[in-house]
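1. 3D, please:
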Amino acid sequence: MAERCIQCGSRSLSRKGQMFCSKECRYRYYHSRDMVLTLKKQWFDMILSGQKKEEYREVKPYWTKRFENYFGRHYDFSNGEPEAVWNEEKKMIVFRNGYGSNKPQFSAECTISEGTGREEWRAERGVVYYVLKIHRIFEVKNIGEK
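-> Take a look at the predicted model:
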């Protein structure tokens, strides 16, 4: 099986295990305007069908930095104690089932908040997550292809 660039799908990778065909593709992948999140097939299919309206990510430094940079978060000091407030603007997120530009994917308008998730969607009881609320799905690509 030929390895492909995960940005453009080109087969021109010079060595095994390489992810990008060029520095430009690597830059475009990491600096694209859209956030790309990878999902397991079960959750990908449930969101696409409309059964699952939220996606969860653990509150960890990695996700905190990514989401703060993408959505924007500020602190409200009006009640004395600082409270984190997320920007309520809807942002586009690309959800993929697997890695690479040729994998099944869709785009969705999402907002973010912090809270607990639903246990039937594998959220643990009492754990706080970043909750991505999915408002609208569009741009479905590569569905039914492998």
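2. And the longest helix anywhere in the chain, how far out from the chain middle?
-> Secondary structure assigned by DSSP state H gives helix 61-71 as the longest helix of the chain. Relative to the centre of its chain, helix 61-71 is centred 11 Å away, using Cα atoms, centre = their mean, to the nearest Å.
3. repeat for stretch 54-67
-> 9 Å.
4. tell me which residues of it are tucked away?
-> 54-57, 67 (16 or more other Cβ atoms under 10 Å). Just so you know, the C-beta spots here come from the backbone N, C-alpha and C atoms, and that holds for glycine as well.
5. Now the residue nearest to the spatial centre of the chain: phi and psi?
-> For the chain, the residue nearest the mean C-alpha position is residue 37 (2.5 Å; Cα atoms, centre = their mean). Main-chain torsions, residue 37, degrees, to the nearest 10: phi -120, psi 140.
6. What residue spans form the domains of the chain?
-> 1-32, 33-141 (automatic domain parsing).
7. Between the two ends of stretch 91-111, how far is it?
-> One end of stretch 91-111 sits 6 Å from the other (Cα to Cα, to the nearest Å).
8. Residue 92 is in contact with the residue nearest to the centre of the chain, correct?
-> No - contact criterion Cβ atoms under 8 Å: residue 37 and residue 92 do not qualify, at 11.4 Å.
9. helices or strands next to the longest helix of the chain in the packing?
-> strand 105-116, strand 128-141 (3 or more Cβ pairs under 8 Å, 6 or more residues apart in numbering; DSSP states H and E).
10. Neighbouring strands of the first one in the sheet, and parallel or not?
-> Right, the one you point to is strand 105-116. strand 91-96 (antiparallel), strand 128-141 (antiparallel) (DSSP bridges).
11. tell me the mean pLDDT over the last one?
-> The reference is to strand 128-141. Mean per-residue pLDDT for strand 128-141: 92.
12. What residues sit buried inside that strand?
-> 129-132, 134.
13. Check those and tell me the two furthest apart.
-> The most widely separated members of the buried residues of strand 128-141, counting by Cβ to Cβ, are 129 and 134 (14.3 Å).
14. which one of the domains of the chain has the lowest average pLDDT?
-> With a mean of 73, domain 1-32 has the lowest mean pLDDT of the domains of the chain.
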